[in-house]
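Enquirer: Based on what follows, work out the 3D shape:
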Amino acid sequence: EVALHVAATAPRYVSSEEIPEEEREAERKVFEEKAREEGKPDNVVEKIVEGQLSKWASEVALLDQAHVNAEKHDSKTIEELRQELAAKTGENIQINRFVRYRMGEGAEA
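Expert: Next comes the predicted model:
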């Protein structure tokens, strides 16, 4: 199930904690510029940026993504599914890394 999800969604990191600070700051700047271009007041910009950063992180981090087969898995995230399986089996199940291959290209880690 996890391999199917990785193949379909191409996450870049296992968890949002793994996102490099430089990449996070680059995204923050883009979101800030967009909010300011739209004429949002300064006191609202930070809230908008934080919300967009959170959404972006969930799009690039595997554990925060809802499983691609949402109907089958009740729209649960990969982390929620991992926790359920760990509780059900009594095993300490972890997802530490993944590799995704595409035809004609090298590996993405």
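Enquirer: For the rest of this, base every contact and every neighbour count on C-alpha atoms.
Expert: Fine.
Enquirer: Run through the strands of the chain in chain order.
Expert: For the chain, strands defined by DSSP state E do not occur.
Enquirer: Contacts for the longest helix anywhere in it next, please.
Expert: Among the segments of the chain that qualify as a helix by DSSP state H, the longest is helix 42-60. Taking contacts as CA atoms under 8 Å, 6 or more residues apart in numbering, the residues outside helix 42-60 that touch it are 10-13, 16, 19, 24, 27-28, 31-32, 35-36, 64-65.
Enquirer: can you check stretch 91-98 too?
Expert: Contacts of stretch 91-98 (CA under 8 Å, 6+ apart): V14, R82, Q83, L85, A86, A109.
Enquirer: In PyMOL, select just the buried ones from these.
Expert: Here is the PyMOL selection string for the buried members of the contacts of stretch 91-98, based on 16 or more other CA atoms under 10 Å:
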select buried, resi 14+82
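Enquirer: now A87: how far from I93?
Expert: 9 Å (CA to CA, to the nearest Å).
Enquirer: pLDDT wise, what is E59 at?
Expert: pLDDT, E59: 94.
Enquirer: re the thing from before, drop anything exposed from the contacts of helix 42-60.
Expert: A10, P11, R12, Y13, S16, E27, R28, F31, E32, A35, D64, Q65.
Enquirer: TSV for the residues you listed, including pLDDT and distance to K72?
Expert: Listed next are the buried ones among the contacts of helix 42-60 as TSV, based on pLDDT from 0 to 100; distance: CA to CA, whole Å:
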residue	pLDDT	distance to K72
A10	94	20
P11	96	20
R12	96	24
Y13	97	24
S16	95	25
E27	97	32
R28	96	34
F31	95	34
E32	94	37
A35	92	37
D64	96	17
Q65	95	15
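Enquirer: farthest-separated two in these?
Expert: A10 and A35 (27.4 Å; CA to CA).
Enquirer: Now do the contacts for the nearest residue to H5 once chain neighbours are set aside.
Expert: Residue nearest to H5 in three dimensions, not counting chain neighbours: V68, with 5.6 Å by CA to CA, 6 or more residues apart in numbering. Shown in contact with V68 (CA under 8 Å, 6+ apart): H5, A8, T9.
Enquirer: That concludes my questions; thank you for your assistance.
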